[in-house]
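Participant: sequence plus the predicted model coming up.
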Amino acid sequence: MYSHNWTKAFVLAVLLALPSTASMAVEWVIIPCTPQLRPDECGLKVSASPGEDVTVTTNSGEVVNVAPGTTVSVSGSGIVSTSNQQGNLTTFASADSGPQTTGSIGGAGVGGGAGSTGQIPSGGNNSGGENRTGTTGGGTITGFTTTSGTTSSGGSSGSTSAH
Amino acid sequence: MHSHRWTPACALAILFALQATASLAADPKIGNATATKNKVEGVIGGSTQPLAKGSEVYTNETIRTGDAGVADLKFLDDTNLSVGPVSEIRLDKFVYDPTGTTGSVVIEATRGAFRFVTGGQDKKVYQIKTPYGTLGVRG
C-alpha cells in the first residue's frame, strides 16, 4: 500500500519536473516591409510553446510577453497586438521529412476590410473582409492589419509541424 | 630600384591575404546542418556555399533559403533551428557555457519563417534579433 503511494508520488514528481527541463520552442515569422506593403501588412509575428516564457522587446523598448496560445505581432510601424493562436505559426515541413507539400508564409488573410495579399508566396486564401483558414496545409501567417488594437490572424490551420 | 618599389607592395598584399585567411579561420564552427531541402546556402566572408546535410555552420555565417528551401540546423548546445523557405538568418554569436550563465547565443533573422528549440544552456542566453524587435527567453 505504501509502495503504491510512493510510486504515485514519484511519477507525479517526475511529471511535474518534466516541463522545467524540456526545451522550449519559439516560432516566428518576419515579413520585411517594402514600399509595396503597408506598414500593417509587414512586421513580426511570434508564438511560443505553452508553458514557456518568451518576450518581445520592440524597437521602441516596449516589452511584451508572449503568452501561451497567443501570437504577438509587431507591425512595421511598431504597433504591438496580440491575437489567439490557432495551430502552428509556421507550417513549412521539416527538411528531413518527406516531400514538401506545404508553403511557408501564408498569404495575407487580413482581417476586416477588403483584405490584401502579402508578398511572400503561398498560404491561406484571402477574400474580402473575412478571415479564412488555410487550405490543404498551406495557410499560415497572415497580414498584420490591426483593428481596434487587435490583430486578426487569417489562415492558420491545416498545417504540419516539424516538432 | 624597381624591385625596391615592388617589395613593399608585395609585403602589403601578403599581409592583406593573411588577414583575410585569419578572419575566415577565426569564425568557429558552431554546429551542423542536419537536413536541407532544395536551395539552401551559407554566406561567410563574402563566399557563398551551398549547404547540405552535414555541412558545418559557423559564427558570422548567414543562412539563406530559396523559394522552396528548408534547413534544419543543430548547434553545439543542441539548439535546433529550422529555417523555412525564403528566409535569411545570421548566426551572430555563439558562446557555449554548459555549466554556467556566461553563454550567449545571438542570431539575427531578417526575413522568413523559423522554428527554434533552445538547447542545453540557460534559456536566458538566447537572443533573437529581428528588424522589428528582439525575442528573449526568460525561462
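Facilitator: Received the coordinates, thanks.
Participant: make it CA atoms for all contacts and neighbour counts henceforth
Facilitator: OK.
Participant: can you give me the neighbour number for residue A:30?
Facilitator: Residues lying near residue A:30 (other Cα atoms under 10 Å in any protein chain shown) number 26.
Participant: that one and residue B:116, how far apart?
Facilitator: Plainly put, residue A:30 is 14 Å away from residue B:116 if you go by Cα to Cα, to the nearest Å.
Participant: could you do residue A:60 as well?
Facilitator: Following Cα to Cα, the distance that separates residue A:60 from residue B:116 is 24 Å.
Participant: of these two, which one has the most company?
Facilitator: Taking other Cα under 10 Å, residue A:60 and residue B:116 do not tie; residue B:116 has more neighbours (21 against 9).
Participant: confirm that one sits in a strand?
Facilitator: Yes. According to DSSP: H, G, I helix; E, B strand; the rest coil, residue B:116 belongs to a strand.
Participant: kindly state the beta-bridge partners for the closest residue to it other than its chain neighbours.
Facilitator: Spatial nearest neighbour of residue B:116, chain neighbours left out: residue B:81 (4.6 Å); criterion: Cα to Cα, 6 or more residues apart in numbering or on different chains. Going by DSSP bridges, residue B:81 is paired in beta bridges with residue B:73, residue B:116.
Participant: show me what contacts residue B:81?
Facilitator: When contacts are counted by Cα atoms under 8 Å, 6 or more residues apart in numbering or on different chains, residue B:81 touches B:72, B:73, B:74, B:114, B:115, B:116, B:117.
Participant: farthest-separated two in the residues you listed?
Facilitator: Spanning the widest gap among the contacts of residue B:81 are B:74 and B:114, at 13.4 Å by Cα to Cα.
Participant: for those two, indicate the residue with more neighbours.
Facilitator: residue B:114 (28 against 22).
Participant: surely that one is in contact with residue B:82?
Facilitator: Yes. Between residue B:114 and residue B:82 a contact is recorded at 5.6 Å, counting by Cα atoms under 8 Å.
Participant: what residues does the helix or strand hosting residue B:135 touch?
Facilitator: Element membership of residue B:135, judged by DSSP states H and E, is strand B:133-137. With contacts defined as Cα under 8 Å, 6+ apart, strand B:133-137 is touched by A:44, A:53-59, A:74, B:123-129.
Participant: identify the residues contacting residue B:120.
Facilitator: Contacts of residue B:120 (Cα under 8 Å, 6+ apart): B:77, B:78, B:79, B:98.
Participant: the last one: what's its closest spatial neighbour, skipping adjacent residues?
Facilitator: Residue nearest to residue B:98 in three dimensions, not counting chain neighbours: residue B:121, with 5.4 Å by Cα to Cα, 6+ apart.
Participant: tell me the spacing between that neighbour and residue B:99.
Facilitator: Distance, residue B:121 to residue B:99, by Cα to Cα: 8 Å.
Participant: repeat for residue B:91
Facilitator: As defined by Cα to Cα, residue B:91 lies at a distance of 22 Å from residue B:99.
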